[in-house]
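When you get a sec, could you give me coordinates for this:
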Amino acid sequence: VPFQRNTPQCMFRQVGISVEPSSAHVPKNRNTVFAVSYPRRAKDNRQVYKCYYRPEQTTCPDCGQVLKRCHPVWRKYMVFLNGRAWVVNLGYCCPNPRCKNQQVYTSQVAQHLTVRGNSFALEVIVQIGYWRFWNRWTVVQIHELLTQVHHLLISEREVLYLIEVFLVSLRCTYHLRLEEHAAYFRRHGIFIAIDALKPEKGNRALYVVRELKFGLVLHQVSLLSTAHQTLATRLFQPVKALGYRVRGWVSDDEPALRLAAARVFPGVSHQPCQSHCLRDAAVPIMEADQALKKALKQAMRGPFYTFCRAIDQLAPDDPHRRQQATVCTGRATGL
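Numbers count the residues shown, from 1 in each chain. Predicted coordinates:
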């Protein structure tokens, strides 16, 4: 049966079997599987406000004449925290035909509203990143806030994508943050923390050097060899090349790191990471606790299974069978 628009047949499409028009509303067979396809509706743009951006440059730098509008450079719908908007970036050029300046001037404010190829404004991307990494909210919580409080049309998958855009944008601003604190680093020096992510033996290890006061990543490198000569050349030398005085460093007390640091930063004090120290201190207690649990289970399993077998040998109509079975279930749950 051919399906047409605005008919009941277009709402229910049976998988692999043709559907009669009379059976399209309620299927007779309960085991029949139907795929519901809702018709796609266009967004209502009647209430969307419009924003026109003109360039900050108003006169031609060569001849001095006032720039005139020539054409819209780009126009698109953008999503802000307070709703959607139709944004138009107007292009202006010099009207003097004898002027050699044929450049089209646009608004830099409009260019910085969002990243290229994205319809969500930077204020939305930054707000999502702040909620995720500073407030420690989950993706579900962020999605509920955007849809229920700000009334934005966005999916959870789009929230995940915008989190990735935020991380990329944040990484691109690291050199600006380093320049912002460069005067402080030159005056007071830096304290650094070094840690490595080693997935499996035989794979590359990712080493990261962070500054402790502001949390800036000074250097990161992926290494296949973790010998102290390699660490000194590839890990510590780039940090030394920054030109800041290293006053101290923190690590997980890896021997290769200490040898490399003594070679590049002689005399700089070192402190083991407190988190690693506490975790290593808890290892003997955890091993003793696991051994105690294992011994208790081994001591209790023998009598317990003997008791269970004795219950199974009772007659089905025995009045004590149900009571003893309940006690057996409780002990099994305890074990």
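
Which parts of the stretch 1-150 of the chain are helices?
108-111, 122-133, 139-144 (DSSP state H, counting those that start in this stretch).

tell me the most buried of those?
helix 122-133 (a mean of 18; mean count of other CB atoms under 10 Å). For the C-beta atoms, the positions are set from N, CA and C on the backbone; glycine is no exception.

Burial check on the nearest residue to residue 150 once chain neighbours are set aside, number of neighbours?
Of all residues not flanking residue 150 in the chain, residue 81 sits nearest, at 5.7 Å (CB to CB, 6 or more residues apart in numbering). Using other CB atoms under 10 Å, residue 81 has 13 other residues around it.

quick one: residue 81 and residue 124 touch, right?
Yes - with contacts counted by CB atoms under 8 Å, residue 81 reaches residue 124, the gap being 5.9 Å.

Give me the common contacts of these two.
Counting by CB atoms under 8 Å, 6 or more residues apart in numbering, the shared contacts of residue 81 and residue 124 are residue 152.

tell me the contacts of residue 75?
Contacts of residue 75 were listed using CB under 8 Å, 6+ apart, and they are 86, 87, 88, 89.

cutoff 10 Å now
Under the criterion of CB atoms under 10 Å, 6 or more residues apart in numbering, the contact partners of residue 75 comprise 50, 51, 52, 86, 87, 88, 89, 90, 110.

Could I get the helices of the stretch 1-150 of the chain in JSON lines, plus columns for distance to residue 183 and mean pLDDT?
Supplementary listing: the helices of the stretch 1-150 of the chain in JSON lines, determined by distance: least, CB to CB, whole Å; pLDDT from 0 to 100:
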{"stretch": "helix 108-111", "distance to residue 183": "28", "mean pLDDT": "92"}
{"stretch": "helix 122-133", "distance to residue 183": "26", "mean pLDDT": "95"}
{"stretch": "helix 139-144", "distance to residue 183": "36", "mean pLDDT": "94"}
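
Grab the longest strand from this structure for me.
When the chain is parsed with DSSP state E, its longest strand is strand 68-80.

Out of the contacts of residue 75, list just those in strands.
Using DSSP E, the subset of these located in strands is 50, 51, 52, 86, 87, 88, 89, 90.

okay, now the closest residue in space to the fourth one that isn't next to it in sequence: neighbour count?
Excluding the flanking residues, the one nearest residue 86 by CB to CB, 6+ apart is residue 50, at 4.5 Å. Other residues within reach of residue 50 by the criterion other CB under 10 Å amount to 10.

Return the residues in contact with residue 50.
For residue 50, the contacting residues are 75, 85, 86, 87, 88, taking CB under 10 Å, 6+ apart as the criterion.

PyMOL command to pick out the buried ones of those residues?
Buried members of the contacts of residue 50, defined by 16 or more other CB atoms under 10 Å, are picked up in PyMOL with:
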select buried, resi 85+87+88
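
out of the contacts of residue 50, what pair is the most spread apart?
The span of the contacts of residue 50, defined through CB to CB, is set by 75 and 85 at 11.0 Å.

Can you check which residues contact both of those two?
Shared contacts of residue 75 and residue 85, defined by CB under 10 Å, 6+ apart, are found at 50, 51.

my guess is residue 204 contacts residue 234, does it?
No - contact between residue 204 and residue 234 fails when scored by CB atoms under 10 Å: they sit 11.7 Å apart.

Pull up the overlap in contacts between these two.
Common contact partners of residue 204 and residue 234 (CB under 10 Å, 6+ apart): 221, 222, 223, 225.

Return the member of those residues nearest to residue 321.
Out of the shared contacts of residue 204 and residue 234, the member with the shortest distance to residue 321 (by CB to CB) is residue 222, at 64.5 Å.

Run a quick neighbour tally on the residue lying closest to that closest one once chain neighbours are set aside.
Of all residues beyond its chain neighbours, the one nearest residue 222 is residue 204 (4.7 Å), with distances taken as CB to CB, 6+ apart. Per other CB under 10 Å, the neighbour tally for residue 204 reads 15.

Could you list which residues are in contact with residue 204?
Counted by CB under 10 Å, 6+ apart, residue 204 has contacts 197, 198, 221, 222, 223, 224, 225, 226.

And residue 59, by the same measure?
Under the criterion of CB under 10 Å, 6+ apart, the contact list for residue 59 reads 65, 66, 67, 94, 105.

Now do the strands in the stretch 101-250 of the chain.
Using DSSP state E, counting those that start in this stretch, the strands of the stretch 101-250 of the chain run over residues 190-197, 205-211, 217-223, 246-251.

Looking at the ones you listed, spot the one closest to residue 43.
Comparing these by CB to CB, strand 217-223 comes nearest, at 40.5 Å.

CA-only coordinates of the closest one, as CSV, when you get a sec.
The C-alpha coordinates for strand 217-223 follow below in CSV (Å, rounded to 0.1, in the frame of the first residue of the first chain):
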residue,chain,number,x,y,z
VAL,A,217,49.8,23.0,31.9
LEU,A,218,53.3,24.0,31.1
HIS,A,219,54.4,21.0,29.0
GLN,A,220,53.1,17.6,27.9
VAL,A,221,54.8,14.9,25.9
SER,A,222,54.1,11.3,24.9
LEU,A,223,57.1,9.0,25.5
